Each structure stands twice: as C-alpha cells, then as structure tokens.
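Mind looking at a prediction? Sequence and model below.
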Amino acid sequence: MKQIVLGTWIYLLGVIIFMCSTQNTMAQEPQLAEERQIPADAEEVVFDDRPRGNDVARIAFYNVENLFDTKDDPEKMDEAFTPTGMYGWSFKKYNKKLHQIYKVLVSVGGWEPAAVIGLCELENRFVLEQLLSRTPLERFDYQIVHQESPDKRGIDVGLIYRKEKFKLLDYKAIQIRFPFDTASRTRDILYVKGQLMKRDTVHIFVNHWPSRFGGHLETDPKRAFVAQTVRQHADSIYKHNPWANIIIMGDLNDAPSDKSLIEVLNAKGDADNLELTDLYNLMHRMEKNWWEGSHKHEEHWGILDQIIISPALVKRQEGLHLRNERAYIFKADWMLMDEEVRLGKKPFRTFLGARYLGGYSDHLPIYIDLEYR
C-alpha cells in the first residue's frame, strides 16, 4: 500500500514539473521568435533572373543528396539504394529525384540555365546522363565531365556545362591518398580547364571533402589533407600565371572559418587585403549571419558549400570579373520545409534517416555570376 501511495506522489510530482516547464517554454517562445528575427540592417539579396546575354555566365554548385540509380553495383556499398534495400529505392523514386534536381538547376539559372554546374553525391556517370536525357534539361544540350571515384559508397563529383558558354580544354581527376590512413578512400577532386564565353580560360576544382562522420579527431586531418592538395594545385597554376582565373567550389564539410580553410587552404575572407596569389572565400561574409546557410544541422544554418576564387576575378579591371563581387545561396520557398521540433525552416530533403520525404536535397545550391568587361 505504501509503495502505491509513494508511486502516486512521484507521478503527480512529475506531472507538476512537466506542466511548469511547459508553461515556462511557452512563455519564452515569443521572446525567442523575436530574438531570431533578421536584423533590419541586414543586406537584402534579390535573385537576379534577368537575361544575361553573351557577356555574363552563371557558375553554380549543388550537392544533390545521394543521386543513386536503382541497380546494385557489386563493387560499391550501394545496396541501401536498391528496390529491396533500406531506402526502398524504386524506379519511381529515382525518376522523381531526377526531376526534382532538374527543377532546382533550372530555377538557379533564372532566365537562362547556368553555364557551368558542379555537382556532388552522384553515384556514376549514368545518373548524370539520365538527368540530362530523361528531364527537360535535354533541350539545353549540357555536356558532362565525370570521372569515377574510389569512394566506398560509390559517390562522385561531376560537372555539366553548356557548349555555347564554355569550351572544355582539359580535365583530370585528382586522387586523394591519405598517408596516415592508407585504407581510407574518398572522392576525387575534379579539375576542369576551359574557356568561358569564348574569351578567358578558367580553372575549376569541384570538391566533396570527407564528411565529419566519426568525429573531428578522426576526420579533421583528412579535410586538411585535401585542402593542402587543392592549395598545391592552385599554387602550381599561379606559378605559370599569377593572374589565372581559379574557381574552387564544392561541399567542403567545414565552415569558412575552420582550420582547413583558413590555415591550410589559406582562403581569406577580406577582399581589401588580397595578394594576387591568395585565394578569396566568397562565403566568409555570410558565416556570421545565423539566417544564412546552405545546410542546416539541428537549429543552426551552416555554410559547408563554398565558392573560393582567385583575386584576379575581383582585381582585374578588364576581362573576366566577378559580378557584384559576391556569391549567392539559392533558397526558394518550395525547397524548404517547416521544422518539426524547432522554429523556422530547413531544406526539404529526399530522406530523413530512412524515412522518405520526397524532397530535393539536404543542401541548397550556391552560385556566382562572372561577366566580361
């Protein structure tokens, strides 16, 4: 009998504590919402969807979140993305995913499709070919640059371009081999050299750096190693031409202020004090803004997707130049969904864990406009 009474009192005490905490949370919600309003003096960014003509080219990057075909590749760990796998990856879902990506890429372009688009989380060249042949992207005659990566899950990076805006001159896959972890494999860096708008040569590096899965202690050295590799290739280009046009873009899985970007790649965020052979991170200016980001973890927007350029693209008075001297994150309302627990919105992704949502990606695309003066 005493145990029943004691249990009742414990239960009632728990109810009282819960009600008090709920009331306290409800009382704080309006204050929290007020604190999270975008400041009145925040920079207003308007999406430019005007026709760009022959003197302006849009360069974009998009992490498409696991664009897998439905077939099981015996040499890759792709079993989850098959009809009988964990995600129940049917042809219907795959076809919808292709059209979701098409919708995003066309929207990023605005009046006309982007000239060059870097992509990551692609299983193979086949899914890129299907993206360009099974969707209305077919009408724009995009060409593919792709090289199979040794990533164990089978995901690669790739690039597509419009022939009337970009002439391919050369490309290669830069393989990553960690000297401190020889068994580990990651995505190659895709280097693409081409002529933009039939005038200036550009050097593009498409990246997807190792993820943070496993913790910082294990993964930070891997991202630092990839950053060092990119820096070495950029320096090699500068050695032959300090005024070279370099574009480094991708999902770097680190923020603009993290060690791999600041100390190893030495990508600076201040345009006023740039030396000609520095690298300039266009996303650095956005990092302090809690309302901006290309990716959201819990309640925090972050900038993992970045575009880094050579100073020549902002210092040059004639020739190829960065329009408006900034990069952009494309964040359309239909690409977002309401937070289920926290305040605000988040990217409308394809999967949340193993639960199929049918959205676009867990990342938002980024882009820049280059103009010829």
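Right, received. Where do you want to start? Numbers count the residues shown, from 1 in each chain.

so what's the nearest residue to G88 once chain neighbours are set aside bridging to?
Among residues not flanking G88 along the chain, Y356 sits closest, at 7.2 Å (Cβ to Cβ, 6 or more residues apart in numbering). Just so you know, the C-beta spots here come from the backbone N, C-alpha and C atoms, and that holds for glycine as well. Beta bridges link Y356 to F351, judged by DSSP bridges.

And G158, by the same measure?
L119, H146.

neighbours around the residue nearest to L322 when sequence neighbours are not counted, how many?
In space, and not counting its chain neighbours, L322 is closest to L313: 4.6 Å by Cβ to Cβ, 6+ apart. Counted with other Cβ atoms under 10 Å, residues neighbouring L313 total 24.

Just the element for L313, please.
Using DSSP states H and E, L313 maps to helix 312-315.

Just give me how far that helix sits from the chain centre.
Computed by Cα atoms, centre = their mean, to the nearest Å, the chain-centroid distance of helix 312-315 equals 23 Å.

which residues are contacting it?
Here helix 312-315 makes contact (Cβ atoms under 8 Å, 6 or more residues apart in numbering) with 242-246, 271, 274, 276, 280, 320-322, 325, 370.

rerun at 6 Å
Contacts with helix 312-315, where a contact means Cβ atoms under 6 Å, 6 or more residues apart in numbering, come from 243, 245, 271, 322, 325.

Look up how far M283 lies from the second one.
Here N245 is placed at a distance of 18 Å from M283 (Cβ to Cβ, to the nearest Å).

Among these two, which residue is more densely surrounded?
Legend: neighbour count by other Cβ under 10 Å for N245 and M283, higher for M283 (26 against 22).

P256 is in contact with the more buried one, correct?
Yes: assessed by Cβ atoms under 6 Å, M283 is found in contact with P256 at 5.1 Å.

Where in the chain is the helix or strand with the lowest mean pLDDT?
Lowest by mean pLDDT, DSSP states H and E among the helices and strands of the chain is helix 2-35, with a mean of 43.

Could you identify the helix or strand that succeeds it?
Taking DSSP H and E, what comes next after helix 2-35 is strand 56-67.

C-alpha coordinates for that next one, PDB please?
The C-alpha coordinates for strand 56-67 follow below in PDB (Å, rounded to 0.1, in the frame of the first residue of the first chain):
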ATOM      1  CA  VAL A  56      27.700  37.000 -68.300                       C
ATOM      2  CA  ALA A  57      27.900  33.400 -67.200                       C
ATOM      3  CA  ARG A  58      26.400  31.800 -64.100                       C
ATOM      4  CA  ILE A  59      28.600  29.200 -62.300                       C
ATOM      5  CA  ALA A  60      26.700  27.000 -59.800                       C
ATOM      6  CA  PHE A  61      27.300  24.100 -57.400                       C
ATOM      7  CA  TYR A  62      24.800  21.700 -55.900                       C
ATOM      8  CA  ASN A  63      25.000  18.800 -53.500                       C
ATOM      9  CA  VAL A  64      22.100  16.700 -54.800                       C
ATOM     10  CA  GLU A  65      22.000  14.300 -51.800                       C
ATOM     11  CA  ASN A  66      22.500  10.700 -52.900                       C
ATOM     12  CA  LEU A  67      21.600  10.500 -56.600                       C
END
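
how far does the next helix or strand after that strand sit from the chain's center?
Counting by DSSP H and E, the next helix or strand C-terminal to strand 56-67 is helix 91-109. Taking the mean of its C-alpha atoms, helix 91-109 sits 16 Å from the chain's own mean (Cα atoms, centre = their mean).

Could you list the buried residues of helix 91-109?
In terms of neighbour count (16 or more other Cβ atoms under 10 Å), helix 91-109 has its buried residues at 93-94, 97-98, 100-109.

Could you do stretch 229-246 as well?
Taking 16+ other Cβ under 10 Å as the criterion, stretch 229-246 shows 229-231, 233-234, 237-238, 244-246 as buried.

Just flag the most distant two among the residues you listed.
The span of the buried residues of stretch 229-246, defined through Cβ to Cβ, is set by T229 and N245 at 19.9 Å.

so G194 touches Y171, yeah?
No: taking contacts as Cβ under 6 Å, G194 lies outside contact range of Y171: 8.3 Å.

okay, those two: which has more neighbours?
Set side by side, G194 and Y171 show more neighbours around G194, with 21 against 16, by other Cβ under 10 Å.

residues in contact with the more buried one?
Neighbours of G194 in contact, by Cβ under 6 Å, 6+ apart: 166-169.

let's see it at 7 Å
166-169, 202 (Cβ atoms under 7 Å, 6 or more residues apart in numbering).
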